[in-house]
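**Student:** Structure for the following, please:
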Amino acid sequence: YSSATACCKIQDAVGQVLDEQSDFDSFLSNGYRWNWTDFAGSAWSYSTLILKGATFDIATILAPAATGNQDITTSGATPSGVLLFGTGQTTADATIGSEAHLCIGASDGTSEGHIWSSEDDVVNTDANMRTDTTKAIGVATNPSTVAAEADLTVSSGKYTLGWTTTRTNSRFFGVAFTDA
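**Tutor:** Residues are numbered from 1 along each chain as shown. Here you go, the predicted model:
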């Protein structure tokens, strides 16, 4: 599930109902605060990656209709690295399907790699996964057919995704960081 409207959303897989939703509120002297806008009342455990310090630029990325370069603008300096995340969904805030995909990638503009994982929880369960050290981000369809993948380069004020395979509007999130 991917969303451009909240940091965390949990949907009920059976009824397609939003169970929980939260967003980052603020840094505290000893941590950070979440703002829960929808809470199911159940105890859930969440893993978080909270970044503070240098300059960070966050982008929602939609894969283009055709292969080629896609520039993502940053706040000015050359990014020292980019983290990429996504599900590869082509519709924002879409209802949950019977397959779950997750991809995580990273690049410093020279070295890059990503992982992709999928699970199909229909009657015949199958799981697929892929590790790639030649692309910064990628998502596949079952069973491991590449749907979208890209290389990444960095330059002043931007990073560029070089899509070698694409599926129109596959959704990813990018976090570019620059040394302070």
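**Student:** From here on, just use CA atoms for contacts and neighbour counts.
**Tutor:** Fine.
**Student:** List the buried residues of stretch 26-35.
**Tutor:** Using 16 or more other C-alpha atoms under 10 Å as the test for burial, stretch 26-35 gives no buried residues.
**Student:** ok, and what's touching it?
**Tutor:** In this structure, residues lying in contact with stretch 26-35 by C-alpha atoms under 8 Å, 6 or more residues apart in numbering are 22-25.
**Student:** do you know how far G157 is from V146?
**Tutor:** Using C-alpha to C-alpha, to the nearest Å, we find G157 at a distance of 30 Å from V146.
**Student:** Dig out what T153 forms beta bridges with.
**Tutor:** T160 (DSSP bridges).
**Student:** cool, V82 as well?
**Tutor:** S107, A176.
**Student:** I'd say it and I104 touch.
**Tutor:** No. V82 lies out of contact with I104 (C-alpha atoms under 8 Å); the separation is 10.9 Å.
**Student:** Show me whatever sits in contact with both of those two.
**Tutor:** Joint contacts of V82 and I104 (C-alpha under 8 Å, 6+ apart) do not exist.
**Student:** Might one say that I72 is in contact with G162?
**Tutor:** No. In this structure I72 lies outside contact range of G162 using C-alpha under 8 Å: 11.1 Å.
**Student:** residues contacting T37?
**Tutor:** So, once contact is read as C-alpha under 8 Å, 6+ apart, T37 ends up touching 20-23.
**Student:** and with 7 Å instead?
**Tutor:** 21-22 (C-alpha atoms under 7 Å, 6 or more residues apart in numbering).
**Student:** In which helix or strand does it reside?
**Tutor:** Here T37, judged by DSSP states H and E, is contained in strand 31-38.
**Student:** What strands line up against that strand, and which way round?
**Tutor:** Assessed with DSSP bridges, strand 31-38 is paired to strand 18-28 (antiparallel).
**Student:** So for the partner strand, what gets flagged as buried?
**Tutor:** Those would be 20-22, for strand 18-28 by 16+ other C-alpha under 10 Å.
**Student:** Likewise for stretch 153-166?
**Tutor:** For stretch 153-166, by 16+ other C-alpha under 10 Å, it's 153-155, 158-163, 165-166.
**Student:** cool, stretch 146-154 as well?
**Tutor:** 147-154.
**Student:** of these, closest to R171?
**Tutor:** A148 (10.0 Å; C-alpha to C-alpha).
**Student:** Contact partners for that closest one?
**Tutor:** 138-140, 165-167.
**Student:** Would you mind naming the helix or strand containing it?
**Tutor:** Here A148 is assigned to strand 145-155, by DSSP H and E.
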